[in-house]
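Participant: after the sequence you'll find the predicted model.
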Amino acid sequence: MSFSAWLELLASGLITGGIYALVALGLNLQYGLMRILNIAHGEFLMVGAYLTWMAQTSLGLNPLFMVPVSFGMLFALGWVVHRLCFRRLTATSPNIDIFEARGLMVAFGLMFLVQNFASWMWGGDLRGYDFLTEPVEIPLPDGTAQFAGNKLLVFALALLFSGALIVLMRTTLLGKGVRALMQSPTGAQLMGINTRRLHPLMFGIGLGLSGVAGCLLSMSYTISPSMGEPYTVTALIVITLGGFGSMGGALAGGLLLGVIEALGMHFTNPSLKALLSYVVFISVLLLRPEGLFSRKSRKA
Amino acid sequence: MNSRQFLIRDLLVLFGLTGWAIALPGFASEFAVSMALTCLMYIALSSSWALFCGTTRYLSLATSAFFGIGAYTSAILLEQLSWVQAIALGSLIAAAVAVVMGAAVLHLRGTYFAVLTFGMTELIRHAISYFEKSVTGTVGRVLMVVPERDTIYFTVLALAVITVALSIAIRRTRFGLAMLGIGADEQRAQTLGVNTRWVKVAGFALTAAVAGAVGAAMSVRWTYIDPHTVFNPFIGFQTVLIALIGGAATLWGPLIAAIVFSVLAETLRLQVPQIYMMSLGLLLILSVLYLPGGLASLRTETFRSWRDGARLWWQETRDDLSGETKRRKEREKSLRERRDVF
């Protein structure tokens, strides 16, 4: 294998990995902060994708314009869902373990609800539209590499959003409050952080980010009501790799998973892709359940 | 009632239900029998799930893995072995897989355990579809030797009865009490001399054995199986759903919920499958929020507390909307201020 072929392989792995990191952002926020393992994450992503598709095909809007719109709509949806389900759950659960188990069940219910709502509303067909499909050539030392323009755009935006979220968590007062809440909910409350306001806000932001991810994914992949589950699993793998609740870890984990998959598929067999990602997932959970990059104490 | 009377009551109920189910193929239509078969399958699956996961509170999502393993075993071996042997072997292999899986993951609790069992199920499914594609060169398998409908029905009935009888019996043994102790407080159980590791692996293997046997018996009904249908994670989800909605810690809850679900499924699924699934999701959310003990914990007091809760909520909403809350707060504030003056 020549040097440029290696580079191309790595770059395609990194691009997929950037998308994985983007998919994982919202779930990471929800699980890391509130211990809500939102298994319906991919379903909300699918809703974002469908909203974009509808706006593009019936209204002719630019998909990029839909990024903030789908964030806003899913943010509102997340606020409502938190108010209807998780607020009562927090109030009635005796301890955090029971809350986690019940939250998982509620999320399962949401998954059934949203997925079937979508297939009832939009039908089970594969949908898609064309946006920036012409390849972009990138010169390399010997020859050129070609990547689809929309994938490069998605990669760039994924990096942008992850970076923005990391900066938000590290530097602002809001981020400080969120990190405090991750470390110790009781301690944060004693320091005057309003959990009743912060929890719905963060749940909404988590869903909003999944909407953004769906919006961006619909630019380069076909969408269907059943597309959510693989993305949920990918997001789970990524946040396990990076350590629950760690934003930088999720970005690194996503990129790493993309590269591992690209290399593994190149050297073995493309139909082993799903098998490979599950093997990575299970071995990380068994061997290093606190994440690949974390030291003993948790960092955001 | 004391514990002996409870035992007699449970056994009598089981006896009556069994007799009714045995008589069913004699008079009911083809459709009713096939519905009853689905119902019995979910009774066996969710009762066995509740037997281990309900008492120890280890949320396993691996039921579909064991179901699929059983189905594949009987699909491959039914041409060489007899019906009973194929089912026994299916349940043995599923139990063996569960022992290996349990030894690896049962030290993790809560969400980690749930997610890991789900991941392992998917891993097994992908591994088998890859194996079929690359080694045997097929996608699915067609079953040539198929026993009669009544044989399948009575086998699944026997499995369901055995499972319920097992859950009646195991609650009263040291083993069942040890599982309950693990569910309440694992460290305390360990301190009191329970070999928690052994108990957990044995309980997990027991659920897997039942699920494997049910899978082996049900695979012949479909006559064509592929990894996607028999390892369908939805089988596992629905088992967990039924057990939780019925009440995972109770004996009869999973059975009641399985009957409710099969009726609901058969009536709604044919016309509007999406509505069925949506109502499933809604039911799950409502039952987790308002009935965490499951259908079996439903009493008259439950309705009363719901009524009181709704009344309270309505009063608060009315006060908020009419400005009563604001006025009350102002009154309290002025009272406080007056007190501060003196």
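Facilitator: Cool, got the structure. Computed from a predicted structure; not experimentally measured.
Participant: can you get me a residue count around A:Ser4?
Facilitator: Look at A:Ser4: counted by other C-beta atoms under 10 Å in any protein chain shown, it has 15 neighbours. In this view, the C-beta of every residue, glycine as well, is placed from N, C-alpha and C.
Participant: relative to chain B, how far out is it?
Facilitator: According to C-beta to the nearest C-beta, to the nearest Å, A:Ser4 and chain B sit 31 Å apart.
Participant: that residue: which element?
Facilitator: helix A:3-34 (DSSP states H and E).
Participant: so which elements touch that helix?
Facilitator: helix A:41-54, strand A:144-148, helix A:149-171, helix A:173-183, helix A:195-220, helix A:228-242, helix A:247-267 (3 or more C-beta pairs under 8 Å, 6 or more residues apart in numbering or on different chains; DSSP states H and E).
Participant: any idea of the angle it forms with helix A:247-267?
Facilitator: 140 degrees (axes from the mean of the first three to the mean of the last three C-alpha atoms, to 10 degrees).
Participant: list the buried residues of helix A:3-34.
Facilitator: Neighbour counts using 16 or more other C-beta atoms under 10 Å in any protein chain shown place A:8-9, A:11-34 of helix A:3-34 among the buried residues.
Participant: how far off centre is it?
Facilitator: Here helix A:3-34 is found 9 Å from its chain centre; the criterion is C-alpha atoms, centre = their mean, to the nearest Å.
Participant: just give the nearest non-adjacent residue to the residue in the stretch 1-150 of chain A that chain B sits nearest to, would you?
Facilitator: In the stretch 1-150 of chain A, the residue that lies nearest chain B is A:Phe112 (3.1 Å; C-beta to the nearest C-beta). Spatial nearest neighbour of A:Phe112, chain neighbours left out: B:Gly281 (3.1 Å); criterion: C-beta to C-beta, 6 or more residues apart in numbering or on different chains.
Participant: element containing that neighbour?
Facilitator: helix B:273-290.
Participant: for the residue of the stretch 151-300 of chain B at minimum distance from chain A, the count of nearby residues, please.
Facilitator: Chain A sits closest to B:Gly281 of the stretch 151-300 of chain B, with a gap of 3.1 Å, by C-beta to the nearest C-beta. Residue neighbour count, defined by other C-beta under 10 Å, stands at 22 for B:Gly281.
Participant: show me what contacts it?
Facilitator: Each residue near B:Gly281 by C-beta atoms under 8 Å, 6 or more residues apart in numbering or on different chains is listed here: A:Phe108, A:Gly109, A:Leu110, A:Met111, A:Phe112, A:Leu113, A:Val114, A:Asn116.
Participant: over to A:Ile193?
Facilitator: For A:Ile193, the contact set (C-beta under 8 Å, 6+ apart) comprises A:Gly177, A:Ala180, A:Leu181.
Participant: try it again with 10 Å
Facilitator: A:Leu173, A:Lys176, A:Gly177, A:Val178, A:Ala180, A:Leu181, A:Pro185, A:Gly187 (C-beta atoms under 10 Å, 6 or more residues apart in numbering or on different chains).
Participant: now B:Glu186
Facilitator: Per C-beta under 10 Å, 6+ apart, neighbours of B:Glu186: B:Thr56, B:Arg57, B:Tyr58, B:Arg109, B:Val194, B:Thr196, B:Lys200.
Participant: then B:Ala208?
Facilitator: B:48, B:52, B:60, B:62-63, B:65-67, B:69-70, B:91-99, B:101-102 are the contacts of B:Ala208 under C-beta under 10 Å, 6+ apart.
Participant: alongside chain A, which residues does the stretch 101-250 of chain B contribute?
Facilitator: Taking C-beta under 10 Å from any C-beta of the partner chain as the contact definition, the stretch 101-250 of chain B meets chain A at B:104-105, B:107-116, B:118-127, B:129-130, B:133-134, B:233-234, B:237-238, B:240-241, B:244-245.
Participant: which of these fall in helices?
Facilitator: Those of those mapping onto helices are B:104-105, B:110-116, B:118-127, B:129-130, B:233-234, B:237-238, B:240-241, B:244-245, per DSSP state H.
Participant: what about residue 238, how many residues close to it?
Facilitator: Since you didn't name a chain, this refers to chain A. 30.
Participant: not quite, go with chain B.
Facilitator: Neighbours around B:Gln238, by other C-beta under 10 Å: 21.
Participant: what's the spacing between B:Leu37 and B:Leu24?
Facilitator: 10 Å (C-beta to C-beta, to the nearest Å).
Participant: which residues are common contacts for the two?
Facilitator: What both B:Leu37 and B:Leu24 touch, as defined by C-beta under 10 Å, 6+ apart, is the set B:Tyr153, B:Leu157.
Participant: who has more neighbours, the two?
Facilitator: Taking neighbours as other C-beta under 10 Å, B:Leu37 and B:Leu24 compare with B:Leu37 leading, 21 against 17.
Participant: now the more buried one: which helix or strand?
Facilitator: Using DSSP H and E, B:Leu37 sits in helix B:30-49.
Participant: how about that helix as CSV, C-alpha atoms only?
Facilitator: This file holds the C-alpha atoms of helix B:30-49, laid out as CSV (Å, rounded to 0.1, in the frame of the first residue of the first chain):
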residue,chain,number,x,y,z
GLU,B,30,-57.5,-21.9,14.0
PHE,B,31,-57.0,-18.2,14.6
ALA,B,32,-57.7,-18.5,18.4
VAL,B,33,-55.2,-21.3,18.7
SER,B,34,-52.5,-19.4,17.0
MET,B,35,-53.2,-16.4,19.2
ALA,B,36,-53.0,-18.7,22.2
LEU,B,37,-49.7,-20.0,21.0
THR,B,38,-48.2,-16.5,20.8
CYS,B,39,-49.7,-15.8,24.2
LEU,B,40,-48.1,-18.9,25.7
MET,B,41,-44.8,-18.1,24.2
TYR,B,42,-44.8,-14.7,25.8
ILE,B,43,-46.0,-16.2,29.1
ALA,B,44,-43.0,-18.5,29.2
LEU,B,45,-40.5,-15.9,28.1
SER,B,46,-41.6,-13.1,30.4
SER,B,47,-42.2,-15.3,33.4
SER,B,48,-38.8,-16.8,33.1
TRP,B,49,-37.4,-13.3,32.6
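Participant: is chain A contacted by that helix?
Facilitator: No. No part of helix B:30-49 sits near chain A under the criterion C-beta under 10 Å from any C-beta; the closest distance found is 13.6 Å.
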